[in-house]
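K.L.:
Here's a sequence, model it:
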Amino acid sequence: MKLDVYAFGSALMDIQLHVQDSQLKEIGVEKGNMYLTDRSRQEEVLKRLLGSEALDPDLLGENVNTAAGGSAANTVFGVSQLGGKAGLCGKVAADTFGDLYIRQMHDSSVLFNEKKVDGMTGTCIVLISDDAQRTMLTCLGVSSEIDYADINEEHLQKSAYVYLEGYLFDSKRATQTMLQAIALAKDNGVKIALTASDSFCVDRHKDIFLKLIQNDVDLLFANAQEAQALSDTATNKDALRVLAHMCDSVAVTDGDQGSLLSFNNQLTKIAPCSVTAVDTTGAGDSYAAGLLFGITKGYSLQDSGNIASLFASRVVSQIGPRYSGDIRQEIKGLKV
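P.N.:
Below you'll find the predicted structure:
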């Protein structure tokens with residue numbers, strides 16, 4: 001089966017809920033920050049916010065939204081929603097959240113390795129404030145332990161793009177696996193896309209990111225902060241100019257300022273879609289999904305960017321990283 005995108009990412013079960021500022025203080029976190037936690041801390045927070053039944057996903061209740069997430073997972077889910085074919089190389093454990101993750105991926109039509117291992121499935125608690133800010137507590141569990149045996153070689157070899165999640169470079173094992181995947185992709189004429197993930201991720205892995213961008217990556221996704229951090233510049237245009245000399249295709253997003261695309265030194269400006277943001281979780285992931293879908297389906301760069309912009313705006317207008325509307329129908333209104 002030919003795929004549009006085969007992604008490498010942390011398989012994290014997202015657990016999203018609205019909280020008051022007082023609840024953030026109660027559990028000892030600052031609004032808008034992101035925290036890496038261990039299993040005991042994650043379970044403590046869930047129980048404090050949701051009660052004793054918090055560790056059973058079937059009992060979480062309607063006020064809590066779950067999604068088989070992780071940045072790359074959100075992107076391939078979006079590609080599938082748009083009508084593309086996508087797969088994910090990720091890892092879950094033999095527990096209730098692992099079972100739920102596999103079930104949700106199957107329901108989304110994303111191809112996923114259903115192998116389960118000992119340990120704990122990764123989770124990301126997303127605490128959403130009234131002002132749409134998100135505070136995240138992530139327990140990676142087994143999600144960062146991807147090795148070569150987890151790769152479906154046939155899916156990779158028959159994909160238009162391999163998509164690499166920057167966060168995974170925090171794991172030495174996953175980094176080695178992705179480097180092997182890059183070699184296999186290049187041997188089979190598969191293009192490489194990389195998302196920088198966040199500016200702190202860039203700070204941690206700038207050297208390897210730059211090496212990959214200069215030598216292996218065909219398409220780079222970065223928001224304004226990430227792009228400027230990678231290029232040591234202070235504006236989006238300067239960042240794009242520097243990065244475009246390293247990589248054939250670059251997409252720089254900047255929230256309500258829209259985005260800039262440079263493909264083969266052709267600059268394309270993409271206008272933002274006006275929207276009231278409720279939850280920014282998954283905005284960049286859905287943008288990447290829209291752009292990858294458009295270019296793999298042969299749309300023009302302008303039309304692909306417009307699809308990406310629309311999709312991102314729809315995701316931030318609701319709770320959670322997965323759009324609940326009919327995005328296929330809505331992109332028809334763009335006349336692409």
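K.L.:
Double-check that residue 68 belongs to a strand.
P.N.:
Yes: Residue 68: assigned to a strand according to DSSP: H, G, I helix; E, B strand; the rest coil.
K.L.:
Where does the closest residue to residue 129 other than its chain neighbours fall, secondary structure wise?
P.N.:
Using Cβ to Cβ, 6 or more residues apart in numbering and skipping the chain neighbours, the partner closest in space to residue 129 is residue 31 (5.8 Å). The way it works is simple: take the backbone N, C-alpha and C, and place the C-beta from them, glycine included. Here residue 31 sits in a region with no helix or strand, counting by DSSP states H and E.
K.L.:
Is it correct that residue 31 is in contact with residue 24?
P.N.:
Yes: using Cβ atoms under 8 Å, residue 31 is in contact with residue 24, at 5.6 Å.
K.L.:
who's more crowded, the two?
P.N.:
Higher neighbour count among residue 31 and residue 24: residue 24, with 18 against 14, using other Cβ atoms under 10 Å.
K.L.:
returning to what we had before: let me see the backbone angles for the residue nearest to residue 129.
P.N.:
Main-chain torsions, residue 31, degrees, to the nearest 10: phi -60, psi 140.
K.L.:
show me what contacts it?
P.N.:
Listed by Cβ atoms under 8 Å, 6 or more residues apart in numbering, the contact partners of residue 31 are 21, 24, 129, 133, 135.
K.L.:
how far away is it from residue 127?
P.N.:
Applying Cβ to Cβ, to the nearest Å, the value for residue 31 to residue 127 is 8 Å.
K.L.:
tell me, what residue is most central in the chain?
P.N.:
For the chain, the residue nearest the mean C-alpha position is residue 71 (2.0 Å; Cα atoms, centre = their mean).
K.L.:
so it touches residue 167, yeah?
P.N.:
Yes: the pair formed by residue 71 and residue 167 meets the contact definition of Cβ under 8 Å, at 6.2 Å.
K.L.:
Which residues are in contact with each of these two?
P.N.:
Common contact partners of residue 71 and residue 167 (Cβ under 8 Å, 6+ apart): 9, 10, 197.
K.L.:
Give the residue spans of the protein that score low on pLDDT.
P.N.:
Applying pLDDT under 70 to the chain picks out residues 52-62, 335-336.
K.L.:
That one: helices as residue ranges?
P.N.:
21-27, 39-50, 71-82, 96-107, 153-157, 172-187, 199-215, 224-231, 236-244, 283-296, 301-316, 327-331 (DSSP state H).
K.L.:
want to try CSV for those, with distance to residue 251 as columns?
P.N.:
Shown next, in CSV, are the helices of the chain (distance: least, Cβ to Cβ, whole Å):
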stretch, distance to residue 251
helix 21-27, 33
helix 39-50, 33
helix 71-82, 12
helix 96-107, 25
helix 153-157, 22
helix 172-187, 19
helix 199-215, 13
helix 224-231, 9
helix 236-244, 9
helix 283-296, 6
helix 301-316, 8
helix 327-331, 18
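K.L.:
ok, residue 42 touching residue 122?
P.N.:
No: look at residue 42 against residue 122 with Cβ under 8 Å: they stay out of range, at 9.5 Å.
K.L.:
ok, those two, which is more surrounded?
P.N.:
Between residue 42 and residue 122, counting by other Cβ under 10 Å, residue 122 is the more crowded of the two (28 against 23).
K.L.:
what's near enough to touch that one?
P.N.:
By Cβ under 8 Å, 6+ apart, residue 122 lies in contact with 10-13, 70, 92, 138-144.
K.L.:
Tell me which of those fall in strands.
P.N.:
Using DSSP state E, the subset of the contacts of residue 122 located in strands is 12, 13, 92, 138, 139.
K.L.:
quick one on the thing from earlier: possible to save the contacts of residue 31 as a markdown table with distance to residue 86?
P.N.:
Formatted as a markdown table, the contacts of residue 31 follow (distance: Cβ to Cβ, whole Å):
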| residue | distance to residue 86 |
| --- | --- |
| 21 | 37 |
| 24 | 35 |
| 129 | 31 |
| 133 | 29 |
| 135 | 29 |
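K.L.:
out of these, who's nearest residue 239?
P.N.:
Lowest distance from residue 239 to the contacts of residue 31 (Cβ to Cβ) belongs to residue 133, with 24.8 Å.
K.L.:
Count the residues that sit near the residue nearest to that closest one when sequence neighbours are not counted.
P.N.:
Leaving aside its chain neighbours, residue 133 sits nearest to residue 32 (4.9 Å; criterion: Cβ to Cβ, 6+ apart). Using other Cβ under 10 Å, residue 32 has 13 neighbouring residues.
K.L.:
what do you get for the one 5 residues further on?
P.N.:
Using other Cβ under 10 Å, residue 37 has 19 neighbouring residues.
K.L.:
Who are the contact partners of it?
P.N.:
Contacts of residue 37 (Cβ under 8 Å, 6+ apart): 45, 137, 138, 139.
K.L.:
Now for these: which two are most distant?
P.N.:
45 and 138 (11.2 Å).
K.L.:
Can you pull the residues that touch both of the two?
P.N.:
Common neighbours of residue 45 and residue 138 (criterion: Cβ under 8 Å, 6+ apart): 37, 125.
K.L.:
before we move on, back to that, would you tell me which of the helices of the chain gets closest to residue 1?
P.N.:
Across these, closest to residue 1 is helix 153-157 (Cβ to Cβ), at 7.4 Å.
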